[in-house]
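Student: Predicted structure and sequence below. I'll ask about it afterward.
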Amino acid sequence: MSAGDRTPPPAAPPVDPVDDRPSASAGGAGTLRRALTALWHDPPAVAGTLVLLVLLVVGLAGQWLAPAGTNDVDVDQMLRPPSGAHPFGTDELGRDVLSRVLVAARVSLQVGLVSVGIALAVGVTVGLLAGWYGGWTDNVLMRGMDVLFAFPVLLLAVAIVAVLGPGLVTATTAIGVVYTPIFARVTRAGVLAVREQVFVRAAVSIGTSDLRILRRHVLPNIAAPLIVQTSLSLAFAILSEAALSFLGLGVQPPAPAWGRMLYDGRGFVTDAWWLGFFPGAAIFLTVLAFNLVGDALRDVLDPRQLTVSEARRSTR
Amino acid sequence: MGRFVLRRLLQSVVVLLGVTLVVFLLLQLVPGDPVRVSLGTRFDQQTYDALRERSGLDRPLVVQYLSYVGNALTGDLGVSFRSGQPVTTIVLERLPATLSLAVTAVLLALLVAFPLGVLSAVRSGSLVDHAARVFSQFGVSVPDFWMGIMGILLFAGVLGWLPPSGYVALTDDPVGWASHVALPAAAVGLVTASILTRFIRSSVLEVLAEDYVRTAEAKGLRPRVVVVRHVLRNALIPVVTVVGVQLASLVGGVIVIEVLFAWPGVGRLTYDAVQARDYPVLQGAVLFVATLFLLMNLLVDVLYARLDARITLR
């Protein structure tokens, strides 16, 4: 037995606020590991993850997987039901519905990811500043968030897109804006809890800069609710994008979008069910997959947070 | 209680001021001259000058905003760039259609969610519970407008039982109204029902774990009496909040369903205003709905505080 073996095990590692590594009490890597374990042990979440992986592949390679061009008009093939040549049938212009559904996946994922990215970046920044500095900063920033929260989500998104002009960029921005307050609230609540922890007070007492404390000690410790919120918000953002596209305020024709395909097909739906069925089923599966993953993450990482159904009250 | 209400009221006033600012600024974000954009090919100098003067766009921004808030307080939301009618009149004309759809949808949702949520909690882990959870997950993930389209396909197309779209006023023909509202209300109600089911389930489960429920059971009360007299009375208090919030959301958020079913409500009006670039109507509809949304949320909070005295102490 060496001398080293007799050394008593160290106590909990001393907190070093100037250490560049995140605080050990939660930690980004630990959170991620717990999240992945949660997904692996929950069958619905595994199913959701598989659907999302397929969607990712379709989103990236949709145009190569599509059996036909998305805008190949063929008047001889108008409103044909599903068949071997056209598994999802054809639309009122004879275009292949399967090809359009596959290519439209990219739009939905792109809008969902970028808009939630915007909401996450802005919301977390606002929440960190409001929670950390408190006082007037908190009041002004959070009352601003309250104002945005006072609008029904889709109504505000419609108003923003209507004013700025329809299109992919404005739809993405509008959805990002309307989902910002929820991230600000979740972040602020987390900061208020973490700022009283000993390791944060220790960091303050030795003069560590605010930016470093927020980045290295606060943010990693509020990662769990933010991961859950991100996952659930992706589902809502995709629903919102579909709704905006349905109203003609998202991506513009002839580019395919699931919501727009439903709108265009609504007039023919009693004669051509496939026009209404397949794009809607694609939206449903995508949203369901994000919800299943989000629910599993919440159960493990943040059981006190709202369930997806409670959170959805803000999607309309 | 009085202080709680006063505090919430003051908060709502501050938020409402912010809402008016956002709605006012919407018009400023329009690229170019909003009156000119709105008139489009119908442009003529006389109409343009009249609308520009009437909308006060030639005045300084601060004056415009103060005038906008002042007018809004008196119920004047401006005039439509298209029809020249007062916006308030246009919005109020559309309100009954939206309200009737929203209330019907919430009632339908409660009809499904109440028994399903309570049964799911009381028989936790049973087949009913699993079915309720699958239903709930389905409902929160499905776009209501897709359900609407599938409803049109089945009930209007295949079965021919219901009209695919359109509106009849409740006061004109109650039966006609019922047949027209059934599909849109069911489409919206399905989503609302799934949200309520999950909420009622978790609320009942929470109360079932309380000591007073165990005491009631220990006294030998029949399970049905325990559930009805002790569990439901307490579990349904927070449900009031969710029902209220859902109703408020529906009043302002059924744009897509109203467009799909040609339902002439405030949502459809908003859509039409967007298509016609009728910015005063868009602003008016958004401000009206946001105000209603805020007031309904305030009412729900006050009602909740009245039902549960602990709320005012928090």
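Tutor: Now that the structure is in, tell me what you want to look at.

Student: how about the residues of the stretch 51-200 of chain B that lie near chain A?
Tutor: Contact residues, the stretch 51-200 of chain B versus chain A (CB under 8 Å from any CB of the partner chain): B:136-143, B:145-146, B:149-150, B:152-153, B:156-157, B:164, B:191, B:194-195, B:197-199. In this view, the C-beta of every residue, glycine as well, is placed from N, C-alpha and C.

Student: so which residue of the stretch 1-150 of chain A comes closest to chain B?
Tutor: Distances between the stretch 1-150 of chain A and chain B by CB to the nearest CB are smallest at A:V147, namely 3.3 Å.

Student: how close does A:P279 get to B:F138?
Tutor: According to CB to CB, to the nearest Å, A:P279 and B:F138 sit 18 Å apart.

Student: okay, these two: which has more neighbours?
Tutor: In this view A:P279 and B:F138 are compared by other CB atoms under 10 Å in any protein chain shown, and A:P279 has more residues nearby, 32 against 15.

Student: Hmm, A:Y263 and the more buried one touching each other?
Tutor: No. Counting by CB atoms under 8 Å, A:P279 stays clear of A:Y263, with 9.5 Å between them.

Student: Tell me the buried residues within the residues of the stretch 51-200 of chain B next to chain A.
Tutor: Neighbour counting by 16 or more other CB atoms under 10 Å in any protein chain shown classes B:136-137, B:139-143, B:145-146, B:149-150, B:152-153, B:156, B:164, B:191, B:194-195, B:197-199 among these as buried.

Student: In helices, which of the residues of the stretch 51-200 of chain B next to chain A fall?
Tutor: B:136-141, B:145-146, B:149-150, B:191, B:194-195, B:197-199 (DSSP state H).

Student: A:R80: which element?
Tutor: If you go by DSSP states H and E, A:R80 is not part of any helix or strand.

Student: Give me the mean pLDDT for the longest helix seen in chain A.
Tutor: Taking DSSP H as the criterion, chain A has its longest helix at helix A:97-133. Averaged over helix A:97-133, pLDDT sits at 95.

Student: quick one: is it near chain B?
Tutor: No. If you take CB under 8 Å from any CB as the test, helix A:97-133 misses chain B, and the best it gets is 11.5 Å.

Student: starting at the chain centroid, how far to the helix or strand hosting the residue of the stretch 1-150 of chain A closest to chain B?
Tutor: Under the criterion of DSSP H and E, A:V147 resides in helix A:135-149. Distance of helix A:135-149 from its chain centroid, counting by CA atoms, centre = their mean, to the nearest Å, is 23 Å.

Student: cool, stretch B:151-164 as well?
Tutor: The answer for stretch B:151-164 is 26 Å, by CA atoms, centre = their mean.

Student: contact partners of the one helix or strand A:G62 maps to?
Tutor: Counting by DSSP H and E, the element that carries A:G62 is helix A:43-65. Residues outside helix A:43-65 that contact it (CB atoms under 8 Å, 6 or more residues apart in numbering or on different chains): A:38-40, A:70, A:102-106, A:108-110, A:285-286, A:288-293, A:295-297, B:137.

Student: shaky segments in the chain?
Tutor: Looking at chain A here, since you left the chain open. A:1-31, A:38, A:302-316 (pLDDT under 70).

Student: other chain: chain B
Tutor: Scanning chain B for pLDDT under 70 picks out B:1, B:309-314.

Student: Chain B contacts on the stretch 101-250 of chain A?
Tutor: So the stretch 101-250 of chain A meets chain B at A:143-144, A:146-148, A:150-156, A:158-160, A:162-165, A:235, A:239, A:242-243, A:246-249 (CB under 8 Å from any CB).

Student: Against chain A, how distant is B:G78?
Tutor: Distance from B:G78 to chain A, counting by CB to the nearest CB, to the nearest Å: 15 Å.

Student: Can you give me every residue that contacts that residue?
Tutor: Contact partners of B:G78, counting by CB under 8 Å, 6+ apart, are B:R54, B:S55, B:N71, B:P86, B:V87, B:P280, B:Q283, B:G284.

Student: Could you double-check that A:V194 lies in contact with A:P220?
Tutor: No. In terms of CB under 8 Å, A:V194 does not count as a neighbour of A:P220; the distance is 9.5 Å.

Student: buried sites along stretch A:178-191?
Tutor: Residues of stretch A:178-191 classed as buried by neighbour count (16+ other CB under 10 Å): A:178-188, A:190-191.
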